[in-house]
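> Generate coordinates for the sequence data below:
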Amino acid sequence: MRFNTSHTGTHIHNCVHIYMEQDYKLTIELVPQTCWYTNVRSNVSKSEWDTLRNICYDRANHICQVCGSSGKNQGYKHNVECHEIWQYDDVNKIQTLTGLVALCPFCHKCKHPGLAQIKGESNIVINQLTKVNNISEKKAIEYLNKTFKIWKERSQHNWSLDISLINDYWWKQ
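Numbers count the residues shown, from 1 in each chain. Predicted coordinates:
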């Protein structure tokens, strides 16, 4: 399954507003292509990242904070994966870390549907979105297409990175 990534309009703020109104439990948070590999992991040492993700796992009791499942229930050797939550200031072009969340592998794939598509795992994304959000396959695909429109627009810009949240994260163990 291929997701429509074309964007013919310029009303990105309207797209953001429409898809945010859905209030889905499991959301898609596509990182602009110009921000790929500029994240927490690329700005801290391996041991610091391991500490951060383990804090995240412990806080979630090693279960998915979205669906309550675990990777072991999905055929994986691990329970959860650490996902970085970003907020995008579309006016000032600032990518800000707002949290870390423990996700099962299926929910984590939904956060990165382009990568899932490359790996031939689009069906997992669609199935998880429909199951967790209690929506039809058609609604899940519409939602994916809206988020890809936002991604395409955001990928045209360079962004500043703000990961200052991790300074507080260490102390809230």
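
> Hmm, residue 29 is touching residue 111, no?
Yes. Shown here, residue 29 and residue 111 form a contact pair, counting by CB atoms under 8 Å, at 5.4 Å. Yep, even glycine has a C-beta here, placed from its N, CA and C like the rest.

> These two - which one has more neighbours?
residue 111 (22 against 16; other CB atoms under 10 Å).

> list the contacts for the residue minimising distance to the centre of the chain?
Residue closest to the average C-alpha location in the chain (CA atoms, centre = their mean): residue 111, at 3.3 Å. Residue 111 is in contact with 27, 28, 29, 83, 103, counting by CB atoms under 8 Å, 6 or more residues apart in numbering.

> Sort those by pLDDT and name the bottom one.
In terms of pLDDT, residue 29 ranks lowest among those, with 88.

> Spit out the contact partners of it.
Contacts of residue 29 (CB under 8 Å, 6+ apart): 85, 86, 111.

> Am I right that residue 120 is in a strand?
No. Counting by DSSP: H, G, I helix; E, B strand; the rest coil, residue 120 falls outside a strand, being coil.

> and it, what pLDDT?
Confidence score, pLDDT, at residue 120: 95.

> Touching stretch 30-45 from outside, list them.
49, 52, 84, 86, 88, 95, 97, 100, 112-114, 147-148, 150-151, 154-159, 161, 163, 166.

> Where do the strands of this protein begin and end?
81-89, 94-103, 160-162 (DSSP state E).

> Tell me how many other residues surround residue 81.
20.

> What pLDDT is listed against the nearest residue to it once chain neighbours are set aside?
Nearest non-adjacent residue to residue 81, counting by CB to CB, 6 or more residues apart in numbering: residue 108, 4.8 Å away. At residue 108, the model reports a pLDDT of 97.
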